[in-house]
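Q: Got a sequence here, can you model it:
(one chain, ligands or ions: 2)
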Amino acid sequence: MILLLAGGDSYYRGVIVMLFDVNPKERREDFYDRDAELSEVLEALRLGERLVVVFGVRRIGKSSLVKVALKEASLPYVLVDVRDVYYSENIVTIPYLIRYLVEGFKKHMKWYERLGFNLKEVLGRIRKIRVKGYEIEVEPTARISLTTLLSEIDLWCRRHGMRFVFVFDEAQYLRFSNIRYDGILAWAIDNLSNVTFILTGSEVGVLREFLRVDDPKAPLFGRYIREIYVDRFTREQSMDFLIQGFKELGKEVELREVEDAVETFDGLVGWLTHYGYYRAVRKLPHKKAMAKVFEEGSKLALEELVRVIAPSRKRYSAILKAVAHGAESWSDIKAYTVARTGPITDKRFTELLKNLVKYGYLIKENNKYKIPDPIIKHLATEKL
Ligand SMILES: Nc1ncnc2c1ncn2[C@@H]1O[C@H](COP(=O)(O)OP(=O)(O)O)[C@@H](O)[C@H]1O
Ligand SMILES: [Mg+2]
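A: Ligands and ions are numbered 1, 2, ... in the order given. Modelled structure (predicted):
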C-alpha cells in the first residue's frame, strides 16, 4: 500500500492506492481475484505439503500470490528474492543466502511476534547468531550452516505445532552457486516435516531444468510437488480489474480507453497495474499513461533481458527483433538472424531459440514463435 501525501505544509490528504499499487500485493483486499490459485496455495499449506512451486511469466502476480497467501494463512515465513542475491553478489553461495535470509527475518520480526513464532529461541540455539530486540546480530566471521538453520526452525515448529515457510522467489537463480541447492531441498523435504518451501519462477523452463524432477538421477526425483501456474488474465478479468481499480479511486474513464489498455497489455496484470497507476493516481491522459508504461516498463525489463541475452547478445537480439517484426516460423526467424549477424548452424540457432522460450521471452504455439510481453516486443524493436 502506498500513502500519497498531497497538499501544503499545514495539511495532508492521504490517498490510498489499492489495486493499482505497483508493489507486490500483500493484502487480500488489494489483490484481484486469483481465487483458485490462492486456494491451492492455502490447501497445500494446510495439508503440510513441503514443496510448492509457483510458475508464471514475469509480472503475472507470483510474488503477490505467495505473500497474500502467507498473510491469509497466518504463517511465519521468510522470503528471499534469489534474483536480487545473484544480481548483487554474482553467485548464490550459502553465506550470501544466509545473509539475505537474516535480512528477511528482520523484516518479519513483528509478524513472528504476532503469530507467536519465537525466532529468538530458535536462533539462540545456533552459535554466532543472536536476536536482540528487533535486531539480529551475526558475528562477522561466522559460518552458519544452512542445514542447521533449517533443522532448528523445523525442530522449534514441531514442538510448537507450527509450520514455517521459506519462500525462494525467482528460484531458478539458485542454479548460480558453488553448491547444489536441489540436494539440500531434497534433504529438507525428506527430513523436516514442519517446513514448507515455496519456489517461484518467471523463467519456467529454467526452473524446471533446475529442479530436474523427471530425472531419476536428480535429488528431487520422485518428490511430491504442488505445481501452481499463474496465467494471464482473460480479457474480461483485465477489463474488470481496470474498471474496479478506477472505481476504487473515484476516477471516471472512457470505456474505449480501458479497452485499448486491455488490448495492448494482453492480460499481463503488472502492466495493467502500472497503466492504472499512471492514469488514475498520477492522473495522466490515456495516451500519456500508455506511453509511460512503455517507457518505465522498458527500464524495468531491460536490465533483466540484457543479462539473460548477454552470452550471445547480437544473436539473441536479432532473433527477438525478427519476431517483434512479425517473423513467426523457424526459417523466417533464422533468415532474418543470418542477414543481420552472419551464418549460424541450424543446431546453434535452434538452441538459442529454445533458450529464449525457456527464459520466457518467446512462446511457441503451433510451431509459431511470439513475444508474449508487449514491453519486451517494444524493447526488441527500439532498444536492442
Ligand atoms: N491479482 C492482482 N491484483 C492486483 N494487482 C496485482 C495482481 N497480481 C499482480 N499484481 C500487480 O502486478 C505487478 C506484478 O506482480 P508481482 O507479484 O510482482 O508479479 P511476479 O512476481 O509474477 O513478477 C505488481 O505491481 C502487483 O501489485
Ligand atoms: Mg516476483
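
Q: Near the residue nearest to Leu379 when sequence neighbours are not counted, how many residues? Count them for me, please.
A: Residue nearest to Leu379 in three dimensions, not counting chain neighbours: Ser298, with 5.4 Å by Cβ to Cβ, 6 or more residues apart in numbering. Yep, even glycine has a C-beta here, placed from its N, CA and C like the rest. Ser298 has 16 neighbours, counted by other Cβ atoms under 10 Å.

Q: Could you double-check that Ser298 lies in contact with His378?
A: Yes: counting by Cβ atoms under 8 Å, Ser298 does reach His378; the two are 6.2 Å apart.

Q: and Ala142, what does it touch?
A: Neighbour list for Ala142: 127-129 [criterion: Cβ atoms under 8 Å, 6 or more residues apart in numbering].

Q: That one falls within a strand, correct?
A: No: per DSSP: H, G, I helix; E, B strand; the rest coil, Ala142 lies outside any strand segment and is coil.

Q: Next one: it from ligand 1, what distance?
A: 32 Å (Cβ to the nearest ligand atom, to the nearest Å).

Q: Look at that residue and report its pLDDT.
A: Here, the pLDDT recorded for Ala142 equals 82.

Q: cool, and Glu113?
A: 95.

Q: What helix or strand is it located in?
A: Assignment of secondary structure by DSSP states H and E places Glu113 within helix 109-115.

Q: That helix: how far from the chain's middle?
A: From the chain centre to the centre of helix 109-115 is a distance of 24 Å (Cα atoms, centre = their mean, to the nearest Å).

Q: can you count the residues close to Asn143?
A: That one is not Asn; residue 143 is Arg. 10.

Q: so what's it up against?
A: Pro95.

Q: Look up how far ligand 1 lies from it.
A: 32 Å.

Q: mind pulling up the phi and psi values for that residue?
A: Phi and psi for Arg143, reported as degrees, to the nearest 10, are phi -110, psi 90.

Q: burial measure for the closest residue to Lys288 other than its chain neighbours, as a count.
A: Of all residues not flanking Lys288 in the chain, Tyr278 sits nearest, at 7.4 Å (Cβ to Cβ, 6+ apart). Residues near Tyr278, counting by other Cβ under 10 Å, number 23.

Q: Contacts only, for Tyr278.
A: By Cβ under 8 Å, 6+ apart, the contact set of Tyr278 is 284, 288-289, 292-293.

Q: Check for me that it belongs to a helix.
A: Yes: under three-state DSSP, Tyr278 sits within a helix.

Q: In terms of helices and strands, where is the residue in the stretch 251-384 of the chain that ligand 1 sits nearest to?
A: Nearest residue of the stretch 251-384 of the chain to ligand 1, counting by Cβ to the nearest ligand atom: Gly270, 3.5 Å away. Per DSSP H and E, Gly270 falls inside helix 269-276.

Q: Who's the closest spatial neighbour of the residue in the stretch 1-150 of the chain that ligand 1 sits nearest to, skipping the chain neighbours?
A: Going by Cβ to the nearest ligand atom, ligand 1 is nearest to Gly61 of the stretch 1-150 of the chain, at 2.6 Å. Using Cβ to Cβ, 6+ apart and skipping the chain neighbours, the partner closest in space to Gly61 is Val269 (5.3 Å).

Q: do Ala73 as well
A: Nearest to Ala73 is Leu45, by Cβ to Cβ, 6+ apart, at 5.0 Å.

Q: same question, Asn355
A: Tyr316 (7.8 Å).

Q: residues in contact with that neighbour?
A: Contacts of Tyr316 (Cβ under 8 Å, 6+ apart): 308-309, 352, 355-356.

Q: Ok, Lys334 next?
A: By Cβ under 8 Å, 6+ apart, the neighbours of Lys334 are 344, 346, 349.

Q: Of the residues you listed, grab the buried ones for PyMOL.
A: The PyMOL selection below is limited to those of the contacts of Lys334 classed as buried (16 or more other Cβ atoms under 10 Å):
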select buried, resi 344+349
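
Q: so can I have TSV of the contacts of Lys334 showing distance to Lys120?
A: Formatted as TSV, the contacts of Lys334 follow (distance: Cβ to Cβ, whole Å):
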residue	distance to Lys120
Ile344	58
Asp346	60
Phe349	57
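
Q: Can you pick out the ones from the contacts of Lys334 that are in helices?
A: 346, 349 (DSSP state H).

Q: List just the nearest of the contacts of Lys334 to Ile98.
A: Proximity of these to Ile98, judged by Cβ to Cβ, is greatest for Phe349, which lies at 41.5 Å.

Q: Contact partners for the closest one?
A: Counting by Cβ under 8 Å, 6+ apart, Phe349 touches 334, 337.

Q: Are any of the contacts of Tyr278 buried, and if so which?
A: Here, 16+ other Cβ under 10 Å leaves 284, 289, 292-293 buried among the contacts of Tyr278.

Q: Among these, which lie within helices?
A: Applying DSSP H to these, the entries found in helices are 289, 292-293.

Q: now the strands for the stretch 101-250 of the chain?
A: 129-132, 135-138, 164-169, 195-201, 226-229 (DSSP state E, counting those that start in this stretch).

Q: The ones you listed: which one's closest to Ile184?
A: strand 195-201 (10.0 Å).

Q: In JSON lines: the contacts of Lys334, plus pLDDT.
A: Below are these laid out as JSON lines (pLDDT from 0 to 100):
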{"residue": "Ile344", "pLDDT": "97"}
{"residue": "Asp346", "pLDDT": "98"}
{"residue": "Phe349", "pLDDT": "98"}
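
Q: On the three-state scheme, the residue lying closest to Val357 once chain neighbours are set aside is what?
A: Excluding the flanking residues, the one nearest Val357 by Cβ to Cβ, 6+ apart is Lys364, at 5.5 Å. Here Lys364 is strand, with the state taken from three-state DSSP.
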